[in-house]
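>>> from the sequence below, what's the structure:
(one chain, ligands or ions: 1)
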Amino acid sequence: MINRKQLNDLTINEILNQHPFALSFFTDNKLDVEGFQDSTFISFLEHFTEEERDEWAIDTTKLVEDIIIYINNMLDFLGIKNENTVDSLTIISGFDKSGQKENFDSITINKSEIISIVGPTGSGKSRLLADIEWTANNDTPTGRSILINGEKPDKKWRFSSGNKLVAQLSQNMNFVMDLTVKEFLELHAKSRMVENEEQVIDKIIDAANNLAGEKFNLSTPITSLSGGQSRALMIADTAILSTSPIVLIDEIENAGIDRKKALNLLVSKEKIVLMATHDPSLALMADKRIVINNGGIIKIIKTDKQEKDMLMELEKMDDIIRSLRDSLRNGKRINHISC
Ligand SMILES: Nc1ncnc2c1ncn2[C@@H]1O[C@H](COP(=O)(O)OP(=O)(O)OP(=O)(O)O)[C@@H](O)[C@H]1O
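Reported below is the predicted structural model:
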């Protein structure tokens, strides 16, 4: 379903791309949108002069209401449910561990943004992720509230198992099921009703093996995967199969996998990604970072050009560390640094 705020954010082109049937609304109402493709519907309506509005009996308020009703009726009629679209996530401030109000009023994170969460151990990074996962409504220890698309989220997000708002990758991933990797992935693929199951499963295993050191295959029991391998499998599974619009990552660096590749796999234009991290390279890969201390958000820093330049230096250092780690794993002596 579309609401007024979402309509306000869309250009005519975007409206037509997302809802091609809207063209008949424009034609039926004799609205010639030619030349206004990059304007919003509201600014298109505003271009009419007072005289034109009178002459053609254009009632802008009514047209805005009507197009929303028209699109929603058509979506209903066509059986298209796009109510899972999440364009923005807003965090409304709560209180730190000492009961002081947090140092911001609200932050809105938009689709396709990556946000890192940094702060000392025990400062409340995981708590913030948990608030988002639970779509907190002043009912968690922090007193924060979460809005989805600028509105109080539907309770369905908390309890639905199929349509999850959030895909979460947490630090500890323990499998207890007696299944092979293939059976596990088949179960997932079936529950998500994918059509080309075999292909999707192959894609996941390839992606997972590309992240983990030691390769595993479809017949490996999931209980015998190492920590890094199971994490790689979950990351690939989330990236390829999950339809959740928000991805929360808690400390990807503890996983013994290629973190940069993992993040690139998880990031997609359609999603919002939040990741708690202690790692400077990962933190700077984000568009912004939320700084937490004593349970409260104390700052939000935008990653500027200078920091992005630093990121390139950090990546060179990471490459050195990675090659030293590989040498160590392969039983070699560490007696020189190769750049
Ligand atoms: N604003 C708050 N009010 C009350 N308790 C809080 C608040 N923020 C965090 N906590 C609590 O503080 C504890 C530590 O927080 P959390 O586990 O989120 O830290 P962390 O930053 O993720 O640590 P690490 O880096 O070690 O993973 C948790 O029990 C959490 O519920």
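
>>> going forward, measure contacts and count neighbours with C-alpha atoms only.
Noted.

>>> helices and strands of this protein: which one has the lowest mean pLDDT?
Within the chain, no helix or strand scores below helix 156-159, which has a mean of 66 by mean pLDDT, DSSP states H and E.

>>> next secondary structure after it?
Counting by DSSP states H and E, the next helix or strand C-terminal to helix 156-159 is strand 166-169.

>>> what mean pLDDT does that following strand get?
Across strand 166-169, the average pLDDT comes to 80.

>>> ok, and what's touching it?
133, 234, 235, 238, 242, 244, 245, 246, 247, 248, 249, 250 (C-alpha atoms under 8 Å, 6 or more residues apart in numbering).

>>> one more pass at 10 Å, please.
Applying C-alpha atoms under 10 Å, 6 or more residues apart in numbering, the external contacts of strand 166-169 come out as 129-130, 132-135, 157-158, 231, 234-235, 238-239, 242-252, 272-275.

>>> swap in stretch 257-264?
Contacts for stretch 257-264 (C-alpha under 10 Å, 6+ apart): 114, 207-214, 227-229, 231-232, 235-236, 239, 249, 251-253, 265-266, 273, 275, 279, 281-282, 285, 315, 318, 322.

>>> are any of the contacts of strand 166-169 buried, and which?
Buried members of the contacts of strand 166-169, counted by 16 or more other C-alpha atoms under 10 Å: 129, 132-135, 157-158, 231, 234-235, 238-239, 242-252, 272-275.

>>> now do the domain split for the protein, please.
The chain is divided into the following domains under automatic domain parsing: 4-78, 88-303.

>>> can you give me the neighbour number for the closest residue to residue 140 other than its chain neighbours?
Excluding its sequence neighbours, the residue lying closest to residue 140 (C-alpha to C-alpha, 6 or more residues apart in numbering) is residue 131, at 7.0 Å. By the measure other C-alpha atoms under 10 Å, the count of residues near residue 131 is 21.

>>> again, but for the one 10 residues further on
Neighbours of residue 141 under the rule other C-alpha under 10 Å: 15.

>>> go ahead and confirm it touches residue 296.
No: counting by C-alpha atoms under 10 Å, residue 141 sits too far from residue 296 to count as a contact (11.1 Å).

>>> okay, and the common contacts of these two?
Residues within reach of residue 141 and of residue 296 at once, by C-alpha under 10 Å, 6+ apart, are 94, 95, 96, 97, 99, 127.

>>> on that earlier part again, contacts only, for the residue nearest to residue 140.
Taking C-alpha under 10 Å, 6+ apart as the criterion, residue 131 is in contact with 91, 137, 138, 139, 140, 141, 142, 143, 144, 145, 146.
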